[in-house]
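Asker: no sequence on this one, just coordinates:
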């Protein structure tokens, strides 16, 4: 065996020029035949390359540890181990006419090592290229999945998210057969399928049934390499051989199928899990946002339907107000939101409300209820009850206020206070003014018992009559505290005449000169006013007093020609208990004043004629009265 140099150069050149391991194997065989051999085989467990005569047997059955020679059809087959260090990479077989000698065998061992090193280098380069290509593919897939995740954030319907995920599974992960099932009422219901699939290819399953149910219940991925060997596998299509099943959080399951066995790698499963994690997160956000919107809509509806004003207050301004708040403050919603909220609070209450507000917002959850006054653009002042709670609003502390108009309640409270004051006065009257006639009556009765004189009985009767008058006046005065809310047109001449008939006028006369003058008043209360003015005239003016009723600018007047009002006492005559008559109760003019105030009128005692030095009598003018045409 000769031509070592020719063979070595040919083998070395083949190794250097080879593009990859397979190309190297073919070039080595060609170089060996071209150099000196009848044929050449290079083989391992998986691959076979040859030149010259094709192999007639199974060469891979022979794995020599060193150079061996076997007879082969009148010649010899030389078997050379191919190795890279301790790694056996295959066998190189040459067809030779003569067996190699010791020198040839040593040379051929070196050739085997050269080829082995070349194969190892080529395979390493190919593996590096494969890994680099896989990394590039993986990086592109990650980038595309990231883009899909970004698109999901902008979707506002679940169905669009399902379709986007299936599209990504088809075009990025190369899953031709796949679908998404979502748990609903104990079932996994198909929501989206890959292109070309029919709805019958994916059926709904119970959430505890099959591979999908196992995936959902245990919240773990399952890779079925061969459905024939997996007990729980029950594919809807008999052609499906392998399955990848991945949970979508706690919401459902993604499944991919293939007609090949072992179709899905761990990397496929990891990428599917990544995609479904984005789907689950987006669905949770979407459902949370939807629940929040529904909650906000219900809350807003409740607020808008509330009879109380509701507002959210922060940094001196209202962030939210309902319709009732706009009505209460007398401003439209935009104007109210643009205003400085503190400017709407009454000057005398502003500092108090600021202090309470600062205390409430120190800690979320604090609550206070307090009263305060607000301004309206018209200058009208309304009394309000504020119920304020500190809340977290858009990441900052704010005050949620429920505001109730309590103006009428305050007016009722003030009226009640006035009535209580009158009750105190009544108690004083009852304890003082009634004691005197009672004592007179008792004394007279005692004298009757002693003397049997009828004069004493007359005095007792007069005292009891006075007591009765006092009681009637007290009761009438007690009824005068209420404000007149409804009025109607009343003809002055008619009500004055009717009132005169109920007065014990004796020889007194009444002259009504009001014509057809009509005023807006409560008829019953106006009649009580006239009755008390007439009774006052008769009591202080004597039996023949002349009383006149006439219209004046802004109201009407009642004048008599009696003794008149003592000088300097024109204001005091309206005080409860004031009287200059021996049998007077002192309540008549107080009742007149109360009735006038209940109508928002004014009543004054004035001289009957300021230009006449000889004028006598009393004159009472009621003004602020609304005339009705």
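Answerer: Looks like it arrived, so ask away. Because the structure is predicted, anything quoted here is derived from the model rather than measured. Numbering: from 1, shown residues only.
Asker: use CA for all of it now, contacts and neighbours both
Answerer: Fine.
Asker: do you know how far residue 420 is from residue 414?
Answerer: Between residue 420 and residue 414 the computed distance is 10 Å (CA to CA, to the nearest Å).
Asker: ok, now residue 69?
Answerer: Per CA to CA, residue 69 is found 129 Å from residue 414.
Asker: repeat for residue 445
Answerer: Taking CA to CA, one finds residue 445 at 45 Å from residue 414.
Asker: Among residue 69 and residue 414, which residue is more densely surrounded?
Answerer: Neighbours were counted for residue 69 and for residue 414 using other CA atoms under 10 Å; residue 69 has more, 20 against 12.
Asker: Confirm that one sits in a strand?
Answerer: Yes - counting by DSSP: H, G, I helix; E, B strand; the rest coil, residue 69 is part of a strand.
Asker: In contact with residue 212, which residues?
Answerer: Shown in contact with residue 212 (CA atoms under 8 Å, 6 or more residues apart in numbering): 205, 245, 253, 255.
Asker: Just say helix, strand or coil for the second one.
Answerer: The three-state assignment at residue 245 reads strand, by three-state DSSP.
Asker: Need the nearest residue in space to residue 118, chain neighbours excluded.
Answerer: Nearest-residue entry for residue 118: residue 15, 5.8 Å, with adjacent residues in sequence omitted and distances by CA to CA, 6 or more residues apart in numbering.
Asker: wouldn't the one you found be in contact with residue 115 here?
Answerer: Yes - applying CA atoms under 8 Å, one finds residue 15 in contact with residue 115, separated by 6.9 Å.
Asker: domains of this structure?
Answerer: 4-127, 154-291, 306-405, 406-482, 485-629 (automatic domain parsing).
Asker: can you tell me the average pLDDT over the second one?
Answerer: Averaging pLDDT along domain 154-291 gives 88.
Asker: now the last one
Answerer: Averaging the model's pLDDT scores along domain 485-629 yields 83.
Asker: next one: the first one
Answerer: For domain 4-127, the per-residue pLDDT values average out at 83.
Asker: Check the third one too.
Answerer: Predicted confidence along domain 306-405 averages 90 (mean pLDDT).
Asker: Any chance you could list what contacts stretch 241-254?
Answerer: 178-183, 188, 211-212, 215-216, 219-228, 255-264, 269, 272-273, 276-277, 279-281.
Asker: give me every residue that touches residue 388.
Answerer: Residues in contact with residue 388 (CA under 8 Å, 6+ apart) are 360, 367-369, 399-402.
Asker: how does it look with 6 Å?
Answerer: Residues in contact with residue 388 (CA atoms under 6 Å, 6 or more residues apart in numbering) are 367-368, 400-401.
Asker: Mind giving me the ChimeraX command for buried ones among those?
Answerer: To isolate the buried members of the contacts of residue 388 in ChimeraX, using 16 or more other CA atoms under 10 Å:
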select :367,400,401
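Asker: What ranges does the stretch 401-550 of the chain have for its helices?
Answerer: All helices of the stretch 401-550 of the chain, identified by DSSP state H, counting those that start in this stretch, fall at 407-432, 435-451, 454-478, 492-501, 523-541.
Asker: any idea how far residue 74 lies from residue 208?
Answerer: 72 Å.
Asker: These two - which one has more neighbours?
Answerer: Just comparing residue 74 and residue 208: by other CA under 10 Å the higher neighbour count belongs to residue 208, 16 against 8.
Asker: quick one: the more buried one and residue 216, what's the gap?
Answerer: Separation of residue 208 from residue 216 (CA to CA): 8 Å.
Asker: repeat for residue 518
Answerer: Distance from residue 518 to residue 216, by CA to CA: 87 Å.
Asker: Looking at those two, which is more packed in?
Answerer: residue 216 (28 against 20).
Asker: beta partners for the closest residue to that one other than its chain neighbours?
Answerer: Leaving out its chain neighbours, the residue that sits closest to residue 216 by CA to CA, 6+ apart is residue 247, at 5.8 Å. When bridges are called by DSSP bridges, residue 247 pairs up with residue 253.
Asker: Give me the number of neighbouring residues for residue 247.
Answerer: 29.
Asker: just residue 118 next, same as before
Answerer: 23.
Asker: longest helix in the protein, by residue count?
Answerer: helix 102-153 (DSSP state H).
Asker: Who are the packing partners of that one?
Answerer: helix 21-35, strand 75-84 (3 or more CA pairs under 6 Å, 6 or more residues apart in numbering; DSSP states H and E).
Asker: and the first one, which residues are buried?
Answerer: This points to helix 21-35. Buried, per 16+ other CA under 10 Å, within helix 21-35: 21, 23-35.
Asker: List of residues touching it?
Answerer: 7, 10-11, 14-15, 18, 39-40, 49-51, 119, 122-123.
Asker: Just the ones in strands from the residues you listed, please.
Answerer: Using DSSP state E to define strands, the subset of those located there is 40, 49-51.
Asker: would a markdown table of those with distance to residue 345 be doable?
Answerer: As requested, the ones in strands among the contacts of helix 21-35 are exported to a markdown table (distance: CA to CA, whole Å):
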| residue | distance to residue 345 |
| --- | --- |
| 40 | 106 |
| 49 | 99 |
| 50 | 102 |
| 51 | 105 |
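Asker: With respect to residue 356, which of these is nearest?
Answerer: residue 49 (94.5 Å; CA to CA).
Asker: Verify the contact between that closest one and residue 39 for me.
Answerer: No - assessed by CA atoms under 6 Å, residue 49 is found out of contact with residue 39, at 11.0 Å.
Asker: if we can go back for a sec, most neighbours among the contacts of residue 212, please name it.
Answerer: Neighbour counts for these (other CA under 10 Å) peak at residue 253, which has 29 neighbours.
Asker: Right, I'll leave it there.
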